[in-house]
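Student: Sequence first, predicted coordinates after that:
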Amino acid sequence: SDSPTLRLRRLDASTYEVMELVRERRITTLFQPIVDPRSRAVCGFEALSRGPSDSWLHSPQNLFAAARHSGCKLDLDFLCMQNAFRGFVAARVPGQLFINVSPETIYEEPNFTPRFLEMARMELMPLDRCVIELTEESLLEDYERLRSTLQGLREAGCEIAIDDLGAGSSGLRTWSELKPDYVKIDRYF
């Protein structure tokens with residue numbers, strides 16, 4: 001495994017690379033099926049973003065850490081959302097699109113809701129098939145702002161999910177505060 005020093009050196013070296021990936025839009029989106037345990041049928045797909053397969057940035061952990069380190073994470077996040085919309089619409093599959101959104105992204109983008117909705121509209125993504133999947137990768141600090149943002153998305157037709165409940169620091173409070181439509185429980189439980 002990487003030592004902290006090696007990881008930091010890689011992050012420093014990858015600053016230019018990740019900025020080029022975002023500028024050139026060289027991010028791949030994969031769609032992982034989500035199965036309803038009751039019916040055992042596919043009910044949707046989770047969009048997963050990857051960097052180039054021949055790069056250290058292929059791993060989503062490395063990709064997003066490098067983007068955060070270089071200051072282009074917000075641009076990467078919106079690029080990943082746009083790719084997910086475009087790929088999902090083009091695939092013409094049934095079910096919902098689960099799209100990962102970090103609370104950090106909502107905090108950083110003051111116009112998150114209109115920007116998200118406009119991007120979906122431009123890519124012809126039906127909002128009633130879109131599930132915003134909140135990740136617990138960053139500490140949830142401003143529940144009032146999250147609730148307000150999510151309410152605007154709900155009013156537009158989106159549903160809300162919490163990813164890996166129990167893996168982060170907020171768990172049950174997040175569930176109680178945000179009242180999601182879906183909860184994905186951490187594999188540990």
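Tutor: Yes, it's here. Numbering: from 1, shown residues only.
Student: List the residues that contact C158.
Tutor: Taking CB atoms under 8 Å, 6 or more residues apart in numbering, we find C158 in contact with L127, D128, C130, V131, I132. Every residue, glycine included, has its C-beta placed from N, CA and C.
Student: Beta-bridge partners for the fourth one, please?
Tutor: Legend: beta-bridge partners of V131 under DSSP bridges are F98, E159.
Student: give me the number of residues near it?
Tutor: By the measure other CB atoms under 10 Å, the count of residues near V131 is 21.
Student: of the contacts of C158, buried ones?
Tutor: L127, C130, V131, I132 (16 or more other CB atoms under 10 Å).
Student: circling back to that earlier point, can I get the contacts of C158 in CSV including pLDDT and distance to H69?
Tutor: Formatted as CSV, these follow (pLDDT from 0 to 100; distance: CB to CB, whole Å):
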residue, pLDDT, distance to H69
L127, 97, 33
D128, 97, 37
C130, 98, 29
V131, 97, 29
I132, 96, 25
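Student: Wait, a strand at F85?
Tutor: No. According to DSSP: H, G, I helix; E, B strand; the rest coil, F85 belongs to no strand; its state is helix.
Student: I figured it hits M125, correct?
Tutor: Yes. F85 is within contact range of M125, at 4.0 Å (criterion: CB atoms under 8 Å).
Student: which helices and strands does the lowest-mean-pLDDT helix or strand in the chain pack with?
Tutor: Across the helices and strands of the chain, the lowest-confidence element by mean pLDDT, DSSP states H and E is helix 171-178, at a mean of 72. Contacts defined by 3 or more CB pairs under 8 Å, 6 or more residues apart in numbering; DSSP states H and E place helix 171-178 against helix 143-155, strand 159-165.
Student: Which of the three states applies to N62?
Tutor: helix.
Student: Count the neighbours of the closest residue to it other than its chain neighbours for me.
Tutor: In space, not counting the residues next to it along the chain, N62 is nearest to W56; the distance is 5.6 Å by CB to CB, 6 or more residues apart in numbering. Residues near W56, counting by other CB under 10 Å, number 17.
Student: returning to what we had before: with respect to R173, which of the buried ones among the contacts of C158 is nearest?
Tutor: I132 (18.3 Å; CB to CB).
Student: What distance do you get for the residue nearest to N62 to S14?
Tutor: Distance of W56 to S14, computed by CB to CB, to the nearest Å: 7 Å.
Student: Pull out the buried residues from stretch 86-105.
Tutor: 86-89, 93, 95-105.
Student: gap between that stretch and the chain center?
Tutor: 9 Å (CA atoms, centre = their mean, to the nearest Å).
Student: swap in stretch 9-27?
Tutor: With CA atoms, centre = their mean, you get 18 Å for stretch 9-27.
Student: And for stretch 82-97?
Tutor: 14 Å.
Student: How is the residue minimising distance to the centre of the chain assigned, secondary-structure-wise?
Tutor: The structure's the chain has its C-alpha centroid closest to N100; by CA atoms, centre = their mean the separation is 2.1 Å. Put simply, N100 is strand when judged by three-state DSSP.
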